[in-house]
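# Okay, structure incoming, though there's no sequence with it:
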């Protein structure tokens, strides 16, 4: 299945609401736009990979912060409390187990239990 990332990101405008672009071997590839600060949370059983497609953001941890720019990625290990913060809109590709809840151990108005699926490009 072919996925055009630019078209995928252009197909939605809301922030903090991931879309499933593809799945493989029990993993989901999700597209999401960030702006502002997300909820502090962690994932008990899942690592998460954040790959910046466009823009930049800061991943905050309780003891440090890491800035990520387009073309950079970061793996947040399971159990590590974190929150992404973006001053301006950023487009991010997530790689994580398909069952991963975006807010991890926290339930809030930003929790997306069943992310929408994007249509394949072809």
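Looks like it came in fine. On a predicted model such as this, the values are computed, not experimentally measured, just so you know.
# any idea how far the residue sitting nearest the centre point of the chain lies from residue 63?
What sits nearest the mean C-alpha location of the chain, by C-alpha atoms, centre = their mean, is residue 94, with 4.3 Å. For residue 94, the distance to residue 63 (C-beta to C-beta, to the nearest Å) stands at 23 Å. C-betas here are computed from N, CA, C, even on glycine.
# how many neighbours does the nearest residue to residue 98 once chain neighbours are set aside have?
The shortest distance from residue 98 to any non-neighbouring residue, by C-beta to C-beta, 6 or more residues apart in numbering, is to residue 28 (4.3 Å). Counted with other C-beta atoms under 10 Å, residues neighbouring residue 28 total 20.
# related to what we said a few turns ago, helix/strand/coil for the residue nearest to the centre of the chain?
Three-state call for residue 94 (DSSP: H, G, I helix; E, B strand; the rest coil): strand.
# where in the chain is pLDDT low?
Where the chain drops to pLDDT under 70, the residues are 101, 103, 110-111, 120-122.
# Helices of that one, residue ranges please.
Taking DSSP state H to define them, one finds helices in the chain at 5-10.
# which residues of it fall in strands?
Using DSSP state E, the strands of the chain run over 19-24, 27-37, 48-54, 56-61, 65-69, 73-76, 82-97, 116-117.
# Quick check: the residue nearest to residue 98 vs residue 49, distance?
From residue 28 to residue 49 the distance is 11 Å (C-beta to C-beta).
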